[in-house]
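Student: build me a model:
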Amino acid sequence: MGHHHHHGHSHSHTDLKGRNLLISILLNIVITVSQVVGGIISGSLALLSDALHNFSDVLSLVISYVATLLGRKKASKNKTFGYKRAEILAAFINAATLMVVAVILMIEAVERFFEPQEIESNLVIWLSLIAILGNGFSVLLLRKDSEDNMNMKSAYLHLLTDMMASVAVLVGGLLMKFYQIFWVDALLTLAIALYLIYMGYDLLKESTKVLMLFTPRTIEVQEIVESICTLQPVKNVHHVHIWQLNEDEIHMEAHIDFKEDIKLSEFDKILEDIEEHVYHKHGINHVNIQPEFDKCDSKSIIVQD
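Tutor: Below is the predicted model of the structure:
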């Protein structure tokens, strides 16, 4: 059996991610406390709903931060993959909390819509401005890392949606102040909730696929099998498994049936060709191949448990 892997890891980049997350956590704690106090004093459900979302941000950022720290830990004899899945698990939890918070907000909004209450709009306006500035700064801190890391994307989405929610609360505060349209508070809360579901669903789906060991959507198993079969000594490729371990690693294992009883040195050369091919064409950076010759098993089953 032969295996190989291509991967790299930057500790300085991980340290920077951790620092940015820590700054965002502290900012969101300040914003949450301010909004809870302000929401109770003003009577604004939109402000309290924004505070609830901000509190979920704090939890999600803490989860992301812990996952980033765990991701640095090395593999051991009883944890042979280390904590490489920690960030994917964090993304799943964060996406799920987005959906739960959204449902809670929708229930509250419907109840308030039928019983609108007078709200202290000045406090709502000032606190929403503070939240926009704080979350806006956090969004800028995490934006670059969110492009290629599912865990950072989940934290980024929490902050982005909260910034959007704060903008909505600000607009609502202005409408209440100048036009006394108090039902807009419930309407904006409902809009925030629907936006949370829209943003959280894709991330929940993608993180679930990784946790379930689904083949990445960019990879065509049949295409890989056919390309390996073009190598002269290869007779058949079967029992293929391809899965994504985390953001950086895609693994592949397969059985290869050879036409002849080749030498081990010949197999090593073929394995190297396969590794280079699947890495450069499909981004697979860990290959594990079981060579076979005249073995009595089904060669027609490409994918099997």
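
Student: for the rest of this, base every contact and every neighbour count on C-alpha atoms.
Tutor: OK.

Student: which strands or helices does the helix or strand hosting residue 209 pack on?
Tutor: In this structure, residue 209 sits in helix 184-211 according to DSSP states H and E. Identification of packing neighbours for helix 184-211 by 3 or more C-alpha pairs under 8 Å, 6 or more residues apart in numbering; DSSP states H and E yields helix 45-71, helix 86-114, helix 150-179.

Student: hmm, 10 Å instead?
Tutor: Using 3 or more C-alpha pairs under 10 Å, 6 or more residues apart in numbering; DSSP states H and E, the elements in contact with helix 184-211 are helix 45-71, helix 86-114, helix 150-179, strand 234-244.

Student: and the ones you listed: which comes nearest residue 205?
Tutor: Evaluated with C-alpha to C-alpha, these place helix 86-114 nearest to residue 205, the distance being 8.4 Å.

Student: for the closest one, which positions count as buried?
Tutor: By neighbour count on 16 or more other C-alpha atoms under 10 Å, the buried set for helix 86-114 is 86-103, 105-106, 108-109, 112-113.

Student: in CSV: the helices and strands packed on helix 184-211, plus mean pLDDT.
Tutor: Compiled in CSV, the helices and strands packed on helix 184-211 are given as follows (pLDDT from 0 to 100):
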stretch, mean pLDDT
helix 45-71, 79
helix 86-114, 83
helix 150-179, 82
strand 234-244, 91
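
Student: now render those as JSON lines, adding distance to residue 214.
Tutor: Listed next are these as JSON lines, based on distance: least, C-alpha to C-alpha, whole Å:
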{"stretch": "helix 45-71", "distance to residue 214": "21"}
{"stretch": "helix 86-114", "distance to residue 214": "13"}
{"stretch": "helix 150-179", "distance to residue 214": "16"}
{"stretch": "strand 234-244", "distance to residue 214": "6"}
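
Student: what sits up against stretch 209-218?
Tutor: With contacts defined as C-alpha atoms under 10 Å, 6 or more residues apart in numbering, stretch 209-218 is touched by 85, 88-89, 92, 203, 206, 208, 221, 241-247, 250-252, 282-283.

Student: buried residues in stretch 115-132?
Tutor: 116, 119-121, 123-125, 127-132.

Student: just the C-alphas of it, formatted as CSV.
Tutor: Listed in CSV are the C-alpha atoms of stretch 115-132, where the atom choice follows Å, rounded to 0.1, in the frame of the first residue of the first chain:
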residue,chain,number,x,y,z
GLU,A,115,-49.1,44.6,19.4
PRO,A,116,-46.7,47.5,18.5
GLN,A,117,-45.3,49.4,21.4
GLU,A,118,-43.9,53.0,21.7
ILE,A,119,-40.1,53.0,21.6
GLU,A,120,-37.4,55.4,22.8
SER,A,121,-36.0,55.9,19.3
ASN,A,122,-33.0,58.2,20.2
LEU,A,123,-31.4,55.4,22.2
VAL,A,124,-32.1,52.9,19.4
ILE,A,125,-30.4,55.2,16.9
TRP,A,126,-27.2,55.8,19.0
LEU,A,127,-26.7,52.1,20.0
SER,A,128,-27.3,50.9,16.4
LEU,A,129,-24.6,53.3,15.2
ILE,A,130,-22.2,51.9,17.8
ALA,A,131,-23.0,48.4,16.7
ILE,A,132,-22.5,49.2,13.0
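
Student: pLDDT averaged over that stretch, what's the number?
Tutor: Taken as a whole, stretch 115-132 has a mean pLDDT of 81.

Student: kindly report the same for stretch 286-297.
Tutor: 88.
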